[in-house]
Structure formats: C-alpha cells, structure tokens
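# Structure for the following, please:
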Amino acid sequence: MAAVRPYLRGVRLLPFKIHAVYGGHGHSLPVAFFFPVLAMGNPVAVFYLTPALSQREREQRRSMSIDNPLFEGKLIRLGPVDHEKDPEIVSRWTHNAGYMRMMYTDPARPLSIWQVKKKLEELEKSIEEDKNLFHFRIRTRSDDRLVGFAELSWISWTNASGYVRLGIGASEDQRQGYGRETLNLLLRYAFDELNLYRLTALIPEYNLPALALFKRFSFVEEVRRRLALERDARRWDLLQFGLLAAEWKERQK
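Numbers count the residues shown, from 1 in each chain. Model (predicted):
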C-alpha cells in the first residue's frame with residue numbers, strides 16, 4: 001500500500017482503520033483504510049485505500065455489478081413483440097420447413113400474417129395471465145432488425161425451475177453468433193434476475209446446431225426419450241438437457 005502524507009496543502013488526514021468492508025452477497029473486500037479529510041478543523045471529504053485486487057477478484061466484482069446489461073450484447077438486444085412489424089417477418093419464417101421442423105415437433109405449416117398476429121396476441125395474453133413465461137424478440141443492434149425469439153417458459157416458482165428455448169428465423173441470420181449471444185443473456189436473466197435454480201432444454205436429436213450450442217454452455221444431457229419423434233419415415237430421440245445455477249456461475253469465473 002502506498003504511503004500517504006498526513007498533511008497536504010492545508011488539509012489534514014485522520015487515519016481510521018476498519019478490518020472489512022462488506023460488498024453484499026456474503027462477500028467482503030480486503031482491509032481498508034479510511035481517511036477523514038479536515039480543512040481548518042472541519043471535515044470536508046473522506047477517501048479510502050485498499051490493497052490491489054487479484055485478477056480473479058476483479059472478475060468477481062464485475063460479475064456482481066448491477067450495471068451489467070441484461071438485454072443487450074455486442075450484436076443483438078432482447079426486446080418486446082412489435083405487433084405491427086413482426087407478424088410479416090414471422091410469417092416468412094413459417095414458410096421455411098427446415099426452420100419449423102427444427103423449432104417445433106408439431107407438423108410444420110405456413111402461417112399467414114393474420115394467423116401470426118392472432119398467435120402473438122394469444123402469447124401476450126398468456127404472459128399476462130400465467131405469470132410463468134418471459135418472451136423476448138431478438139433484434140440486431142446495428143439496424144434493429146428482427147432475427148429470432150427467445151423465451152423462458154413453464155416456470156415453477158416453487159421449485160425455481162423453468163424451460164429455455166430460442167430460435168433464429170432466416171437461414172442467412174443463422175451461424176452469425178446471434179444464438180450464442182442470446183443464450184448468454186437469457187441465462188444471466190434466468191439465474192441472476194429471476195433467481196431460478198435450474199433450466200431445462202428440450203432438443204430433437206436431429207437439431208445438431210442447437211445441441212452444439214447448449215453443450216457449449218455446459219448443459220448436460222439428462223433424459224433421452226428414445227425414438228419419440230418421427231420425421232420423413234425415420235424415428236429420432238428427443239433429448240432433455242439441464243443446467244444448474246451453480247454450474248453456470250462456475251462457468252463465468
């Protein structure tokens with residue numbers, strides 16, 4: 001620790017040592033030295049000195065900051081449904097059989113703009129009434145373009161658990177890093193903001209990009225429903241992956 005002169009240009013420092021400064025969440029900072037600053041005998045300021053933090057301690061301090069963005073990454077941001085602009089774009093996505101088969105286990109079918117509007121209205125109603133669904137639209141930060149959706153659903157508040165799902169609509173927007181950045185924001189929101197303990201993801205065996213993405217974020221295969229799905233006269237497994245809050249936080253270190 002650097003030495004401090006007790007007298008500096010007409011002001012006097014009165015050392016007052018305390019052994020720990022508590023930073024919340026059960027964490028304490030290193031020993032700190034507080035210096036009330038007196039000028040003409042009157043207190044005018046206070047400053048303190050602490051030992052330098054290690055790299056790991058600095059990273060932990062940053063991870064605890066409430067200033068970390070919840071809804072924005074470098075490439076995308078999470079936002080609400082735009083009922084005027086979104087239906088036309090989502091309708092185009094539904095005409096892509098590959099996207100529909102990756103995202104849904106129900107039979108794929110194209111939807112009109114009117115049908116999409118109706119589904120979005122039903123979604124908003126479910127969000128307001130059920131209180132266990134958080135749905136976001138994924139938009140690019142550069143031009144505010146809709147590229148996908150993300151949601152936390154089937155939340156059991158009693159058990160602090162829920163399900164996670166996301167999708168990138170147009171083929172040209174896939175493999176651009178949007179899904180990776182979205183999942184990172186979604187996990188932070190689930191574990192830090194909603195205080196959930198575990199998340200579950202259901203992924204068809206044939207959705208290889210989704211399997212790679214969730215494994216990258218330390219999701220663990222927990223259940224394999226053998227031959228639960230059929231596509232093009234072939235049976236596929238439906239996989240259940242899980243992630244615990246402690247596992248996610250360990251990954252952040």
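# Quick one: list the elements packing against the helix or strand containing Leu227.
According to DSSP states H and E, Leu227 maps onto strand 220-231. On a contact count with 3 or more C-beta pairs under 8 Å, 6 or more residues apart in numbering; DSSP states H and E, strand 220-231 meets strand 234-244. (Glycine included, C-beta is placed from N, CA and C.)
# Using PDB, write out the CA atom coordinates for the strand or helix carrying Arg251.
Assigned by DSSP H and E, Arg251 falls within helix 245-252. This file holds the C-alpha atoms of helix 245-252, laid out as PDB (Å, rounded to 0.1, in the frame of the first residue of the first chain):
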ATOM      1  CA  ALA A 245     -27.300 -22.100 -11.500                       C
ATOM      2  CA  ALA A 246     -24.100 -23.200  -9.700                       C
ATOM      3  CA  GLU A 247     -22.800 -24.800 -12.900                       C
ATOM      4  CA  TRP A 248     -23.500 -21.600 -14.800                       C
ATOM      5  CA  LYS A 249     -21.800 -19.400 -12.200                       C
ATOM      6  CA  GLU A 250     -18.800 -21.600 -12.100                       C
ATOM      7  CA  ARG A 251     -18.500 -21.200 -15.900                       C
ATOM      8  CA  GLN A 252     -18.500 -17.400 -15.500                       C
END
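# contacting residues around that helix?
Outside helix 245-252, the residues that touch it by C-beta atoms under 8 Å, 6 or more residues apart in numbering are Ser63, Leu187, Phe191, Leu196, Tyr197, Arg198, Phe217, Ser218, Val220.
# A strand includes Thr200, no?
Yes - Thr200 forms part of a strand when assessed by DSSP: H, G, I helix; E, B strand; the rest coil.
# For the residue lying closest to Ala201 once chain neighbours are set aside, give me the pLDDT.
Nearest in space to Ala201, with sequence neighbours left out and distances taken as C-beta to C-beta, 6 or more residues apart in numbering, is Phe241 at 4.6 Å. As predicted, Phe241 sits at a pLDDT of 98.
# Repeat that for Val4.
Looking at Val4, its pLDDT is 47.
# And the helices in the stretch 51-200 of the chain?
Per DSSP state H, counting those that start in this stretch, the stretch 51-200 of the chain carries helices over the ranges 55-63, 86-94, 97-103, 113-130, 178-188.
# what's the closest of those to Leu227?
With C-beta to C-beta, the closest approach to Leu227 among the helices of the stretch 51-200 of the chain belongs to helix 97-103: 16.7 Å.
# Excluding its own residues, what touches that closest one? List them.
93-94, 108-109, 167, 169, 171, 204, 206-207, 209-210, 231.
# Quick check: the two most widely separated of those?
Farthest pair in these, by C-beta to C-beta: Arg109 and Pro209, 22.5 Å.
# Cool, thanks, signing off.
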